[in-house]
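In: sequence unavailable; structure follows:
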């Protein structure tokens, strides 16, 4: 059969707070689409799922590509991940501070079916610290998918074993107080 046509969709999320939801704070799913997503100055905290989830539409035979830009993100106290990128191909650009603190599982997770390039740009910072998980997810930056990491500006205390020679992290400071 023929491949379905792929369209392009742009999504801008700016100055949004998505807290205390019964699922993810923010979910962006695509089916046979190239997603151009910008998330700036936004917070996803205290959600029963992950803070931010980017994925293809689940349980479909489809493809999704992503061009994700992050700048000024706080994602903390979520039951699962602070930020999960799964089942997509593309780029994740960290243009400003991305703070993933005290989530139930890893702060930043690249899922098994993902194939992404993560770039922390010159003014960017990916800070993933103080997560509450145990076992396999007891790391600040975790990947089971195909991922390249470049740039400087990573802060974490631990990464999954497959990333230990790839990411150089500055150690985590004491996590900000609940008042921050």
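Out: Perfect, I can see it now. Values in this document were obtained by computation on a predicted structure and should not be read as measured data.
In: which residue ranges form the strands in this structure?
Out: 7-14, 26-30, 33-45, 52-56, 64-76, 83-86, 89-94, 97-101, 108-110, 115-120, 125-129, 141-143, 146-151, 154-155 (DSSP state E).
In: so can I have a markdown table of the ones you listed showing distance to residue 163 and mean pLDDT?
Out: Just so you know, the C-beta spots here come from the backbone N, C-alpha and C atoms, and that holds for glycine as well. Shown next, in a markdown table, are the strands of the chain (distance: least, CB to CB, whole Å; pLDDT from 0 to 100):
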| stretch | distance to residue 163 | mean pLDDT |
| --- | --- | --- |
| strand 7-14 | 27 | 90 |
| strand 26-30 | 24 | 89 |
| strand 33-45 | 23 | 93 |
| strand 52-56 | 19 | 90 |
| strand 64-76 | 19 | 93 |
| strand 83-86 | 14 | 94 |
| strand 89-94 | 14 | 94 |
| strand 97-101 | 15 | 96 |
| strand 108-110 | 9 | 94 |
| strand 115-120 | 10 | 95 |
| strand 125-129 | 12 | 95 |
| strand 141-143 | 6 | 93 |
| strand 146-151 | 7 | 94 |
| strand 154-155 | 10 | 95 |
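In: and the ones you listed: which comes nearest residue 161?
Out: With CB to CB as the measure, strand 141-143 is the member of the strands of the chain nearest residue 161 (10.0 Å).
In: and that closest one, how far out from the chain middle?
Out: Put simply, strand 141-143 sits 10 Å off its chain's centre (CA atoms, centre = their mean, to the nearest Å).
In: return the list of helices and strands in contact with that strand.
Out: strand 108-110 (3 or more CB pairs under 8 Å, 6 or more residues apart in numbering; DSSP states H and E).
In: out of the strands of the chain, which is closest to residue 172?
Out: strand 125-129 (3.5 Å).
In: now for that closest one, which elements pack on it?
Out: Looks like strand 125-129 contacts strand 97-101, strand 154-155 (3+ CB pairs under 8 Å, 6+ apart).
In: just send these back as JSON lines, with mean neighbour count and distance to residue 123 too.
Out: Shown next, in JSON lines, are these (neighbours: other CB atoms under 10 Å; distance: least, CB to CB, whole Å):
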{"stretch": "strand 97-101", "mean neighbour count": "23", "distance to residue 123": "9"}
{"stretch": "strand 154-155", "mean neighbour count": "22", "distance to residue 123": "14"}
